[in-house]
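Engineer: Return atomic coordinates for the entry below.
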Amino acid sequence: MVPVPETEGEQQVPPHVWDLPHFQSWLQAQKNAGNRLDGFRPVLMFPEGKPFFWAAHVNVYIASEDRNKINEVVFSRPDIMHIVLLYQPLRLSNSIRAIMVREFRSPATTSNGFILETPGGSSLKGEDPLAIAVQELEEETGLRISPSRLVQIGSRQLMGTMSAHKAHVYAARIDASDMDKISKELGKPHGNEGDSERTYVEIHAVEALLREDSTDWSTLGMLYAAIEALGLSN
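Structural biologist: Just a heads-up that it's a prediction; the model follows:
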């Protein structure tokens, strides 16, 4: 049940934003830290009505410092579920390959306008994060994997200085059979065309991704967290 606005700042939040789970998640995190929302001025809602993305200029009272922070904008969207798939041909080999998806992203400043990401996505329907992750993997790569094979890595914000949403990351070590299936999907477009999403599955050496500009720091962090969690060497 969505709580009733209490403070003056909370009462400034539009109802269609107040009811969003990802807004309540951010607000509850502030309250758990002892902070208080003293001001909320929307600067972005997309799409209108029930926004997927929202951004607001906020005024937050910081209890531990007894002061207000008034010069920041909070951006948020539903949390993202990611699956990191890693392939290491030989146990003692340092050559670890990652299954990535290449997709055009409008904010990208890479040399070709595309970003290499681990497969993932989100939903406004309140589904189980693991189920969303498995569904997004199949949608973006054509590969169906059993949830029982996945290891939960954890949840973190992707850019804590600006965006409130988190990535929930799962990982699996895949085998030669999986690689054969993925190889058949190379070059084929995937994704949800209804959302203007088009992805291409690719296989990359993790070490090489460090030297390229096509993968952002958040994605590299997911890859190396998965390498550690799966007990792989690199």
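Engineer: In the one helix or strand His22 maps to, which residues are buried?
Structural biologist: Per DSSP states H and E: His22 is located in helix 21-32. Neighbour counts over helix 21-32 (16 or more other C-beta atoms under 10 Å) mark 22-23, 26-27, 30-31 as buried. All C-beta spots, glycine's among them, are computed from the backbone N, C-alpha and C.
Engineer: who touches the residue in the chain sticking out farthest from the centre in this structure?
Structural biologist: In the chain, the residue that sits farthest from the middle, by C-alpha atoms, centre = their mean, is Asp66; the gap is 32.5 Å. Applying C-beta atoms under 8 Å, 6 or more residues apart in numbering to Asp66 gives no contacts.
Engineer: Quick one: neighbours of Trp54, just the number.
Structural biologist: Neighbours of Trp54 under the rule other C-beta atoms under 10 Å: 23.
Engineer: Val43 now?
Structural biologist: Here the number of neighbours of Val43 (other C-beta under 10 Å) works out to 12.
Engineer: just to revisit the earlier point, check the gap between the residue farthest from the centre of the chain and Arg36 for me.
Structural biologist: 11 Å (C-beta to C-beta, to the nearest Å).
Engineer: returning to that earlier point: as TSV, the buried residues of helix 21-32 with distance to Glu72 and pLDDT would be great.
Structural biologist: Shown next, in TSV, are the buried residues of helix 21-32 (distance: C-beta to C-beta, whole Å; pLDDT from 0 to 100):
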residue	distance to Glu72	pLDDT
His22	17	92
Phe23	16	95
Trp26	12	96
Leu27	15	97
Gln30	12	97
Lys31	17	97
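Engineer: will you turn the residues you listed into JSON lines that also has distance to Pro89?
Structural biologist: Output for the buried residues of helix 21-32, formatted as JSON lines (distance: C-beta to C-beta, whole Å):
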{"residue": "His22", "distance to Pro89": "40"}
{"residue": "Phe23", "distance to Pro89": "45"}
{"residue": "Trp26", "distance to Pro89": "43"}
{"residue": "Leu27", "distance to Pro89": "47"}
{"residue": "Gln30", "distance to Pro89": "47"}
{"residue": "Lys31", "distance to Pro89": "49"}
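Engineer: Report the two of these separated the most.
Structural biologist: Taking C-beta to C-beta, the two most distant members of the buried residues of helix 21-32 are His22 and Lys31; they sit 15.3 Å apart.
Engineer: Confirm Tyr224 sits in a helix?
Structural biologist: Yes. The assignment for Tyr224 (DSSP: H, G, I helix; E, B strand; the rest coil) places it in a helix.
Engineer: what's the distance between it and Val169?
Structural biologist: 11 Å.
Engineer: The two: who's more crowded?
Structural biologist: Val169 (27 against 16).
Engineer: re earlier: buried residues of the next helix or strand along the chain from the helix holding His22, list them for me.
Structural biologist: Next helix or strand after helix 21-32 toward the C-terminus (DSSP H and E): strand 36-46. Neighbour counts using 16+ other C-beta under 10 Å place 36-40, 45 of strand 36-46 among the buried residues.
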